[in-house]
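1. Give me coordinates for this.
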Amino acid sequence: MKKFSLIALSVLLAVALLAGGLAGYAWHWSTKAVDMNAERIQYVVPPGSGVRTIAQVMNEAGIQVNADALVALARYTGMDRQIKAGAYEAQQGDSPRRLLERMAAGDMVQARLTLVEGWTYQRIRQALRESPHVRQTLGAVDDAELLKRLGSEHSSPEGLFMPDTYVFVPGTTDFEILQLAYRAQQAFLEKAWEQRSPGLPLANPYEALILASIVEKETGRTEERARVAGVFTNRLQRGMLLQTDPTVIYGMGDKYDGRIRKRDLQTDTPWNTYTRTGLPPTPIASPGRASILATLNPESHSYYYFVARGDGTSAFSANLRDHNRAVSKYILGRN
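-> Predicted coordinates for the structure are as follows:
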C-alpha cells in the first residue's frame, strides 16, 4: 500500500511538473516577440474570421505565429470572442498576446485620402484608384449605375462629392468613400440652401451647386469668393451671359491643352457660357464649403465684371468700359 502511494505521488508530481512546465512555456510563448520579416506589417482581419484564419492571414503577411497556440491563447483569455474585423499593424517586438489584445480592442490602423476643392469627378476617381488603401470595386461601374447606387436623381456625378480629408480603415471600398463624400455634400448643401440670402436667381440646391463650382474654379481667395459670386448673381439677374472661362475649359474636355483661343470661346458646347445663357447643365468641379456658402450668400454690389490681376487677386468693375481698362492693364500689360 505504501509502495502504491509512493508511485501515485510520483505520478502526480510528474504531472504537476509537466503542467507547470507547459504553463511556463505557454506564458513565455505568449509574451515573446513574434518573428517578422519587416519592422511594421499591416494585415486585414476579414469580417467573421476565426482565430485560426487570422493566424493564416498573419503568417501570409510575414508575421510568424503558431496557429494552434494562438487559438488556445485566444480561447483561454476569452479574446476569441472580442476580435473585431478591420486593418491592423504588427510592430517589431509585438508578442502573440499583444497582437490579440490589439485586435480585441479594435485598435486599427487608419488611412487618409484628401479630395481637393476644385477637383473634377474624374480626378477624384483617379485619386481613389491610386490609393493603396482603397479596395477597388467600381472599375466596371458606369456613372449611371453609380448614381443609382448613391440614390441620386442627377444625370452626372460631377460636383456631388464633398472635398475633404476622409479617414478610413484600409480596405474600405472606393464606393464607400464616394458614398461618404456624397452624403456629406448633400447634407451641407441642403443646410446651406435653407440659410441662403433671399432673392437669389437660383431655383434649387443643384443650381446653387453648379454656380458654386464656377466660383470655386474662378478664385482661390477666401476674401473674394462672395464678391465673385455676387458678380455672377448680378449677371444672372440681368440675363447676361456668364462668360466664364472655366466652363469653356470643362466643355472642351481632353481638347484643352492649357490655352483658350478665340475659336474655343466661339465653339458651342453645353458648358460654354459665352454661347449659352444661364447656368451650364452640371457643375464643372467639386465646390468646397466656402464656395457653396459664398454662392448662397453673395456680396451685394454693382460689379458685373472681374479680371485676374496676376497676383491671385481680381480687379472688379461695374461697367464694360472700366473692365476693358482693367483687361488692358492686367492682361495686355498696357498702362
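
2. Show the subsequent helix or strand relative to the lowest-mean-pLDDT helix or strand in the chain.
-> Sorting the helices and strands of the chain by mean pLDDT, DSSP states H and E puts helix 2-31 at the bottom, at a mean of 53. Along the chain past helix 2-31, the next helix or strand (assigned with DSSP states H and E) turns out to be strand 35-36.

3. what is the mean pLDDT for that following strand?
-> Taken as a whole, strand 35-36 has an average pLDDT of 94.

4. Which neighbouring elements make contact with it?
-> Helices and strands touching strand 35-36, as assessed by 3 or more CB pairs under 8 Å, 6 or more residues apart in numbering; DSSP states H and E, comprise strand 63-64. From N, CA and C alone the C-beta is placed, and that goes for glycine too.

5. in its sheet, what does the strand it packs on sit against?
-> Applying DSSP bridges to the sheet, strand 63-64 is found paired with strand 35-36 (antiparallel).

6. what residues does the partner strand touch?
-> The contact list for strand 35-36 (CB atoms under 8 Å, 6 or more residues apart in numbering) reads 62-64, 90, 92, 94.

7. let's go with 6 Å and repeat that
-> 63-64, 92 (CB atoms under 6 Å, 6 or more residues apart in numbering).

8. Stretch 174-188 now?
-> Here stretch 174-188 makes contact (CB under 6 Å, 6+ apart) with 128, 134, 136-138, 150, 160-162, 166.

9. Which among the contacts of strand 35-36 count as buried?
-> For the contacts of strand 35-36, a burial check counting by 16 or more other CB atoms under 10 Å picks out residue 63.

10. ok, of the contacts of strand 35-36, which one's closest to residue 268?
-> Among the contacts of strand 35-36, residue 63 lies closest to residue 268 (CB to CB), at 60.8 Å.

11. returning to what we had before: adding distance to residue 265 and pLDDT, write the contacts of strand 35-36 out as CSV.
-> Output for these, formatted as CSV (distance: CB to CB, whole Å; pLDDT from 0 to 100):
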residue, distance to residue 265, pLDDT
63, 61, 96
64, 66, 95
92, 61, 94
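
12. care to break this protein down by domain?
-> Per automatic domain parsing, the domain ranges recorded for the chain read 27-105, 111-189, 196-330.

13. Any idea which of these has the lowest pLDDT on average?
-> Of all these, domain 27-105 has the smallest average pLDDT, which comes to a mean of 92.

14. Next, count neighbours for residue 211.
-> If you count neighbours by other CB atoms under 10 Å, residue 211 ends up with 28.

15. let me fix that: residue 215
-> 27.

16. what residues are up against it?
-> So, once contact is read as CB under 6 Å, 6+ apart, residue 215 ends up touching 225, 228-229, 291, 294-295.

17. please redo it, this time with the cut-off set to 8 Å
-> Residue 215 neighbours (CB under 8 Å, 6+ apart): 225, 228-229, 232, 287, 291, 294-295.

18. which SSE is it in?
-> Assigned by DSSP H and E, residue 215 falls within helix 205-218.

19. Quick check: next helix or strand after that helix?
-> That would be, after helix 205-218 and using DSSP H and E, helix 225-238.

20. Pull up the gap between residue 81 and residue 284, please.
-> Distance, residue 81 to residue 284, by CB to CB, to the nearest Å: 52 Å.

21. Compare the two (neighbour count), which wins?
-> Taking other CB under 10 Å, residue 81 and residue 284 do not tie; residue 284 has more neighbours (24 against 9).

22. so that one touches residue 213, yeah?
-> Yes - counting by CB atoms under 8 Å, residue 284 touches residue 213, with 4.9 Å between them.

23. Need the overlap of contacts for these two.
-> By CB under 8 Å, 6+ apart, the residues touching both residue 284 and residue 213 are 158-159.
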